[in-house]
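>>> Kindly generate the corresponding structure for this input.
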Amino acid sequence: MARYIGPKTRIARKFNDPIFGPDKSFERRKYAPGQHGNSRRRKKQSEYGIQLQEKQKAKYTYGILERQFRNLFEKATSRSGITGEVLLQLCEARLDNTVYRMGIAGGRPAARQLVSHRHITVNGEIVNIPSYSLRPGDVVSIREKSKSLEVILEALSSNANSYSWIEWNADIVEGKFTGYPERSEIPENINEQLIVELYSK
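I've put the predicted structure just below:
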């Protein structure tokens, strides 16, 4: 299996950023993992190393593999606007990410699993492709038979987030992807310009 399924805190400590959400273990040890993680004498990173780390951080954050991420970047370069911002907008428009943002799942891996297992519909049709790119106006909902799933009910009950580019209707348990978010609205701590510089070499 290509996706990373190991300890998430280890990856968060690698980037010195809780990219997978609140983590008590990360708060206890915010330095890099490994025997020398807390050493004061750290090797100075090269410009390339900094850019590569930012790309890896974005990939881990959104759960995207290298080829998919490269394809998203090429798609972003062909569109009008600032390439880095468009790249993050395309990441946000993925179905698995939107399911997570709507609060239907507790995390992106859980959202990806719900989509893959055919629990999610887009405009009334079942879509089981996590990387499916939503367009403004698309309506995302839970399949009728899946609305009573405990994992979904638990996620919905604990969700307190709201985003300007998503209209959520709790009464009918469905949400609308209203448009691509502005960069200032995306909460992820990613320096997208470094990713653009890396791919542009």
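>>> Neighbours of Q193, how many?
14 (other Cβ atoms under 10 Å). From N, CA and C alone the C-beta is placed, and that goes for glycine too.
>>> scratch that, S200 is what I was asking about
S200 has 10 nearby residues by other Cβ under 10 Å.
>>> what's the distance between it and W165?
Counting by Cβ to Cβ, to the nearest Å, the separation of S200 from W165 is 27 Å.
>>> Could you give the number of residues near K201?
So K201, with other Cβ under 10 Å, has 6 neighbours.
>>> Just the local confidence number for it, please.
What the model reports as pLDDT for K201 is 79.
>>> S25 now?
Model confidence at S25 (pLDDT) stands at 60.
>>> right, and the secondary structure at Q113 would be what?
helix (DSSP: H, G, I helix; E, B strand; the rest coil).
>>> what does the model give it for pLDDT?
Confidence score, pLDDT, at Q113: 96.
>>> Look up how far R112 lies from the closest residue to it other than its chain neighbours.
Excluding its sequence neighbours, the residue lying closest to Q113 (Cβ to Cβ, 6 or more residues apart in numbering) is A105, at 7.8 Å. Noted for A105: a distance of 8 Å to R112, by Cβ to Cβ.
>>> okay, now E144: neighbour count?
Close neighbours of E144, defined as other Cβ under 10 Å, add up to 9.
>>> Which parts of the protein are helices?
For the chain, the helices defined by DSSP state H occupy 8-15, 24-28, 47-62, 66-77, 83-92, 95-101, 108-116, 150-158, 192-199.
>>> Show me the one of these that comes nearest S184.
Of all those, helix 83-92 sits nearest to S184, with 9.7 Å by Cβ to Cβ.
>>> quick one, what contacts the residue positioned nearest the centre of the chain?
For the chain, the residue sitting closest to the mean C-alpha position, by Cα atoms, centre = their mean, is Y62 at 2.9 Å. Residues in contact with Y62, defined by Cβ atoms under 8 Å, 6 or more residues apart in numbering, are 91, 94, 97, 108.
>>> go again using 7 Å as the cut-off
91, 97, 108 (Cβ atoms under 7 Å, 6 or more residues apart in numbering).
>>> Same check on S116?
Counting by Cβ under 7 Å, 6+ apart, S116 has contacts 128, 130.
>>> Distance of it relative to P187?
With Cβ to Cβ as the criterion, S116 and P187 are 25 Å apart.
>>> And for G137?
23 Å.
>>> Go ahead and measure how far stretch 99-111 is from the middle of the chain.
Relative to the centre of its chain, stretch 99-111 is centred 9 Å away, using Cα atoms, centre = their mean, to the nearest Å.
>>> What residues sit buried inside it?
99-106, 108-111 (16 or more other Cβ atoms under 10 Å).
>>> List just the nearest of those residues to G175.
Of all those, G175 sits closest to M102, with 4.4 Å by Cβ to Cβ.
>>> Okay, buried residues for stretch 174-192 please.
174-177, 180-181, 186, 190, 192.
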